[in-house]
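Trainee: Pasting the sequence and the predicted coordinates here, then a few questions.
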Amino acid sequence: MIFTPEVTNLITRFGFNLIIAFIIIKLIYDKNKSNNDFVFTYFIFNTLIFFFAFLLSNIEINMGFAFGMFAVFAILRYRTDPIPIKEMTYLFIVITIGVINALSNIEVSYASLLFTNFSLIIMTFILEMNWQKNLFIQQTINYEKIENIKPENNSKLLADLKERTGLDIHHFEIRRINFLRDTAQIRVFYKA
């Protein structure tokens, strides 16, 4: 018989895991993005981790193995093209829900599993929707009016940056100064 209790358990847990991953990835993360390059990665990582953890859950492993598995994925962070920290956080979220949903056994009640997953969804949603409202967008620009970088000319520099960029710049940081070319690299912070 193909549908043994273990296979039924696998299908049920995978369906539940996929629903949770879909809510986080498509309904929260990808909702306002024009570039969805990471959506494929998140779904595949979540699925790989789920099956990996579920199939190995029948083998006697210790906590060292579990931490080692996370260490491998942390190392991957440094061996691949750098991705923004927020996208990396979503990657760890989908990895974690895959592990939680796969390795929770009979001793973990479905109520605990539901609470854990929905807590992750709610926290992710709240942070994604509200945290962004208070964040500044940053951009580095090259600036050639070198006389304005003096500390006593900060207000003049800020006014000039606002006028030239058309952005409502809240504050700025002078990153590098090149006196040979009379330019400065300035990082500006503004609201979207």
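Mentor: Received, thanks.
Trainee: For the protein, which residues score under the pLDDT cut-off?
Mentor: Residue ranges of the chain with pLDDT under 70: 1, 32-37, 55-67, 69-83, 85, 106-108, 130-135, 192.
Trainee: What ranges does it have for its helices?
Mentor: 5-22, 37-56, 63-79, 85-103, 110-130, 154-165 (DSSP state H).
Trainee: most tightly surrounded among the ones you listed?
Mentor: Each of the helices of the chain was scored by mean neighbour count; the highest is helix 85-103, a mean of 19, by mean count of other CB atoms under 10 Å. Every residue, glycine included, has its C-beta placed from N, CA and C.
Trainee: That one packs against which elements?
Mentor: Counting contacts by 3 or more CB pairs under 8 Å, 6 or more residues apart in numbering; DSSP states H and E, helix 85-103 packs against helix 5-22, helix 37-56, helix 63-79, helix 110-130.
Trainee: Just want the angle from that helix to helix 110-130.
Mentor: Angle between the axes of helix 85-103 and helix 110-130 is 170 degrees (criterion: axes from the mean of the first three to the mean of the last three CA atoms, to 10 degrees).
Trainee: quick one on the thing from earlier: so for M88, which of the helices and strands packed on helix 85-103 sits nearest?
Mentor: Nearest of those to M88, taken as CB to CB: helix 63-79 at 6.3 Å.
Trainee: Could you list which residues are in contact with the nearest residue to E173 once chain neighbours are set aside?
Mentor: Once flanking residues are discounted, E173 sits nearest to R187: 4.6 Å by CB to CB, 6 or more residues apart in numbering. Contacts were defined as CB atoms under 8 Å, 6 or more residues apart in numbering; by that measure R187 touches 138-141, 172-173, 175.
Trainee: That concludes my questions; thank you for your assistance.
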